[in-house]
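> with the input below, show me the fold.
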Amino acid sequence: MSRGRRYEEPKLNMKKVFAVILAIVVIIMSVFIIRGIFKKESNRGEISSKTYFSAYENNKWGVIDENGDIVIDPSYEEMIIIPDNKTDIFLCTYDVNYDTGEYATKALNRENKEVFTDYTKVEAISNHDENNTLWYEDNVLKVQKDGKWGAINFEGNTVLPTEYDSIEAIPGVENALRIQKDGKYGVADREGRIILDTNYTEITNLGKTNRDGYIVKDDTGLYGIVDSSKKVILQNQYQEIEKIYGNDLYVVTQDGKQKVVNNNGEDVLTQGFEQIAGILKTKDQGVIYISNGKYGVMNLTGEVNIEAQYDNLVEAKANVFIATKEGKQGIVDIDNNEKVPFQYQNISYNETGDIYIAEDESYNSNILNNNFDVQQTGILIEINTTAGYFELRQNDEYKYYNFKFEERDKTQILTNNTLYLDKKDNKYGYVDKDGNVVVEYIYDDATEQNEYGFSAVKKDGKWGAINNKGEVVQEPTYNLDDYLVVDFIGKWHLGKDLNMNYYNQE
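Numbering: from 1, shown residues only. Here you go, the predicted model:
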């Protein structure tokens with residue numbers, strides 16, 4: 001704590017006495033103000049050191065924390081939505097009338113106290129990508145009052161006034177809220193900034209972020225493009241605009257014919273194809289085109305680089321394409337040289353690691369470097385781009401590699417773990433970071449410790465759980481053979497529908 005200088009004075013300085021009295025009054029007032037703020041804030045969602053999950057038991061929904069302790073007793077007919085599992089905002093839906101579509105909502109905190117009571121409805125803003133992966137918009141909720149919708153943040157502060165007919169996420173794009181007023185649409189972000197005014201009859205995203213711009217339709221019934229600064233990129237003069245762009249090029253339909261135009265609306269490529277499927281990443285390189293139902297590559301002058309011969313063609317990186325032929329995938333370059341044979345069920349490219357993942361019909365993956373050489377093989381468990389590693393299951397063991405394909409000891413990767421999975425004589429147990437046995441080798445299968453300190457263990461065909469000390473918290477009683485992922489929080493195991501991200505007890 002910083003300290004001021006101390007003055008020893010022989011007599012009272014009345015100016016200083018008055019200043020001290022005034023300071024004390026200010027401090028007292030501040031205390032009351034702060035107390036009032038905290039009293040008010042205690043009724044709102046607060047960031048917690050705990051993590052919360054929806055829980056399902058006896059056909060009812062509740063909430064548990066990261067220890068498996070019940071926070072909201074499972075008593076609701078509908079799943080409780082947790083927009084941010086680090087914040088104690090739990091959204092409950094009740095009194096649902098499936099015939100009329102009417103329902104009621106309320107928000108609870110970890111004390112089971114209702115919050116945000118100024119509104120008739122409080123809802124999370126859900127979103128999803130092209131793979132139908134569900135998430136909720138961060139730090140924003142939509143609220144209804146007097147039949148109109150607005151938005152608040154997790155602290156309860158107004159983000160958008162309750163004056164809109166609807167508020168929803170633009171699918172696949174984070175932090176882009178489509179707002180509707182008087183039958184017209186606009187776009188706002190979760191801080192309440194209006195990106196596009198409510199002037200359009202239709203709005204959708206051009207790219208995958210809220211900075212890529214928007215395809216808009218006006219009263220003429222024609223489409224144009226407006227960027228996130230409200231600048232018009234293409235005038236509203238097209239029957240269609242595809243979500244295909246790059247290098248200031250766009251794919252549009254005008255007068256019933258598809259073509260490529262630049263950001264001045266000038267024609268760049270108008271013939272030699274039936275349809276454009278993509279614009280290449282390298283500037284002035286060209287497009288992926290479709291003719292007779294097959295995919296190929298041509299440059300912007302119409303010269304063909306790859307004849308239209310593939311069932312699908314996706315650009316992985318500059319001059320490299322993942323191609324599909326007769327139900328199998330391989331890799332070709334811009335000159336149609338085969339780099340990876342057509343023998344895989346699926347191939348994907350990880351840009352951060354600059355690696356290719358080639359998976360066969362048995363879910364075994366070959367991991368290839370940027371020269372298309374196979375470096376590792378196994379069942380891919382995880383690619384962690386933040387920590388810079390991938391995890392494979394090889395010969396019933398879990399191995400970790402960095403993006404240079406160097407094996408890393410699990411203690412270097414799982415630095416927060418207290419226990420580490422180990423195998424001996426075809427049985428699984430757990431050791432500490434020094435290799436000392438903590439849990440004997442008695443299990444038929446098991447998982448590494450999750451971030452909450454629990455490990456799933458299998459014995460005699462049934463799954464249970466141990467804690468971070470190796471103590472059994474759930475005896476192996478659950479048959480989870482048809483579950484894609486086995487995970488436990490205390491006695492609760494992860495639900496079958498991974499998109500819902502809930503835990504249940506049977």
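> start and end of stretch 434-447, how far apart?
Distance between the boundary residues of stretch 434-447 (C-alpha to C-alpha, to the nearest Å) amounts to 19 Å.
> check the residue nearest the centre of the chain and give its pLDDT.
For the chain, Trp135 is the residue whose C-alpha lies nearest the centre (C-alpha atoms, centre = their mean; 5.6 Å). pLDDT for Trp135: 94.
> show me what contacts it?
Ser126, Asn127, His128 (C-beta atoms under 8 Å, 6 or more residues apart in numbering). No exception for glycine: its C-beta is placed from N, CA and C like everyone else's.
> apply 6 Å and report the result again.
With C-beta atoms under 6 Å, 6 or more residues apart in numbering as the criterion, the residues that contact Trp135 are Asn127.
> so where's the stretch 1-150 of the chain shaky on pLDDT?
Applying pLDDT under 70 to the stretch 1-150 of the chain flags the ranges 1-48.
> following the chain onward from the helix or strand of the chain with the lowest mean pLDDT, which element is next?
Evaluated with mean pLDDT, DSSP states H and E, the helix-and-strand set of the chain has its lowest mean pLDDT in helix 14-41, which scores a mean of 36. Helices and strands here follow DSSP states H and E; after helix 14-41, the next one along the chain is strand 52-57.
> could you dump that next one to CSV, C-alpha only?
Once non-C-alpha atoms are left out, strand 52-57 reads as follows in CSV (Å, rounded to 0.1, in the frame of the first residue of the first chain):
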residue,chain,number,x,y,z
TYR,A,52,-21.5,-25.0,-14.4
PHE,A,53,-23.2,-27.7,-16.5
SER,A,54,-26.8,-28.7,-17.3
ALA,A,55,-27.7,-31.9,-15.5
TYR,A,56,-30.4,-34.5,-16.2
GLU,A,57,-31.8,-36.9,-13.7
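> give me the contacts around stretch 457-472.
Among residues not part of stretch 457-472, those counted as contacts by C-beta under 6 Å, 6+ apart are 418, 430, 438-439, 443-446, 453-456, 473-478, 480, 486, 488.
> how about a cut-off of 8 Å?
Contacting residues not belonging to stretch 457-472 are listed as 417-419, 428, 430, 438-439, 442-447, 449, 453-456, 473-481, 486, 488, 490-491, 493 [C-beta under 8 Å, 6+ apart].
> swap in stretch 398-409?
By C-beta under 8 Å, 6+ apart, the residues outside stretch 398-409 that reach it are 352-355, 367, 369, 375-376, 378, 381, 388-393, 410, 412-413, 421, 448.
> sorry, back to before: list the buried ones in whichever strand or helix holds the residue nearest to the centre of the chain?
With elements delineated by DSSP H and E, Trp135 resides in strand 134-145, which encompasses its position. Judged by neighbour count (16 or more other C-beta atoms under 10 Å), strand 134-145 contains these buried residues: Trp135, Tyr136, Glu137, Asn139, Val140, Leu141, Lys142, Val143, Gln144.
> which one of those residues is nearest Gly62?
Tyr136 (18.5 Å; C-beta to C-beta).
> Pro83 is in contact with that closest one, correct?
Yes: contact between Tyr136 and Pro83 holds when scored by C-beta atoms under 8 Å: they sit 4.2 Å apart.
> common neighbours of the two, please.
When contacts are counted by C-beta under 8 Å, 6+ apart, Tyr136 and Pro83 have Ala124, Ile125 as shared neighbours.
> tell me the contacts of the residue nearest to Leu368 when sequence neighbours are not counted?
The spatially closest residue to Leu368, leaving aside those adjacent along the chain, is Tyr356, at 4.1 Å (C-beta to C-beta, 6 or more residues apart in numbering). Counting by C-beta under 8 Å, 6+ apart, Tyr356 makes contact with Ala316, Ile331, Val340, Ile347, Ser348, Tyr349, Asn350, Ile367, Leu368, Asn369, Phe372.
> tell me which element the fifth one falls in.
Here Ser348 is covered by strand 346-350, with elements defined by DSSP H and E.
> state the mean pLDDT of that strand.
Model confidence over strand 346-350, given as mean pLDDT, is 97.
> before we move on, what about stretch 188-198?
Taken as a whole, stretch 188-198 carries a mean pLDDT of 97.
> show me which positions of that stretch end up buried.
By neighbour count on 16+ other C-beta under 10 Å, the buried set for stretch 188-198 is Ala188, Asp189, Arg190, Gly192, Ile195, Leu196, Thr198.
> equivalent analysis for stretch 198-206, please.
Of the residues in stretch 198-206, those scored as buried under the neighbour-count criterion (16+ other C-beta under 10 Å) are Thr198, Tyr200, Ile203, Thr204, Asn205, Leu206.
> ok, stretch 368-379 next?
Residues Leu368, Asn369, Phe372, Gln376, Gly378 are the ones in stretch 368-379 that count as buried (16+ other C-beta under 10 Å).
> again with stretch 263-275
Val268, Leu269, Phe273.
> which members of those residues are positioned in helices?
If you go by DSSP state H, these have nothing in helices.
> could you export these as CSV, including distance to Asn236 and pLDDT?
As requested, the buried residues of stretch 263-275 are arranged in CSV below (distance: C-beta to C-beta, whole Å; pLDDT from 0 to 100):
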residue, distance to Asn236, pLDDT
Val268, 20, 96
Leu269, 22, 97
Phe273, 25, 96
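> gap between the nearest residue to Asp445 once chain neighbours are set aside and Asp396?
Using C-beta to C-beta, 6+ apart and skipping the chain neighbours, the partner closest in space to Asp445 is Lys458 (3.9 Å). Here the criterion is C-beta to C-beta, to the nearest Å. By it, Lys458 lies 12 Å from Asp396.
> just Val268 next, same as before
Taken as C-beta to C-beta, the spacing of Val268 relative to Asp396 amounts to 54 Å.
> what about the buried residues of stretch 368-379, which are in strands?
Leu368, Gln376, Gly378 (DSSP state E).
> just give the nearest non-adjacent residue to the last one, would you?
Beyond its immediate neighbours in the sequence, the residue positioned closest to Gly378 (C-beta to C-beta, 6+ apart) is Leu392, lying 3.4 Å away.
> and the one you found, which helix or strand is it part of?
strand 389-394.
> does anything pack onto that strand? Which helices or strands?
For strand 389-394, the packing partners by 3 or more C-beta pairs under 8 Å, 6 or more residues apart in numbering; DSSP states H and E come out as strand 365-368, strand 374-384, strand 397-402.
> and the angle from that strand to strand 374-384?
With axes from the mean of the first three to the mean of the last three C-alpha atoms, to 10 degrees defining the directions, strand 389-394 sits at 120 degrees from strand 374-384.
> so what strands line up beside strand 389-394?
Neighbouring strands of strand 389-394 in its sheet, by DSSP bridges, are strand 374-384 (antiparallel), strand 397-402 (antiparallel).
> among the buried residues of stretch 188-198, which one lies nearest to Gly150?
Gly192 (9.6 Å).
> hmm, who's touching the strand holding Ser348?
The set of residues external to strand 346-350 that reach it, using C-beta under 8 Å, 6+ apart, is 316-317, 320, 322, 329-331, 340, 355-359, 383, 385.
> again, but for stretch 95-107
The contact list for stretch 95-107 (C-beta under 8 Å, 6+ apart) reads 45, 77-78, 89-94, 114-116, 121-123, 141.
> can you give me the helices for the chain?
In the chain, helices defined by DSSP H lie at 14-41, 410-413, listed in chain order.
> what are the buried residues along the shortest one?
Looking back up the chat, that one is helix 410-413. Residues of helix 410-413 classed as buried by neighbour count (16+ other C-beta under 10 Å): Lys410, Ile413.
> who are the packing partners of that helix?
strand 397-402, strand 420-424.
> what about 6 Å?
Helices and strands in packing contact with helix 410-413 are not found; criterion 3 or more C-beta pairs under 6 Å, 6 or more residues apart in numbering; DSSP states H and E.
> now do it: distance to the chain's middle.
Using C-alpha atoms, centre = their mean, to the nearest Å, we find the averaged C-alpha position of helix 410-413 to lie 25 Å away from the chain's own average C-alpha position.
> I appreciate the help and will end here.
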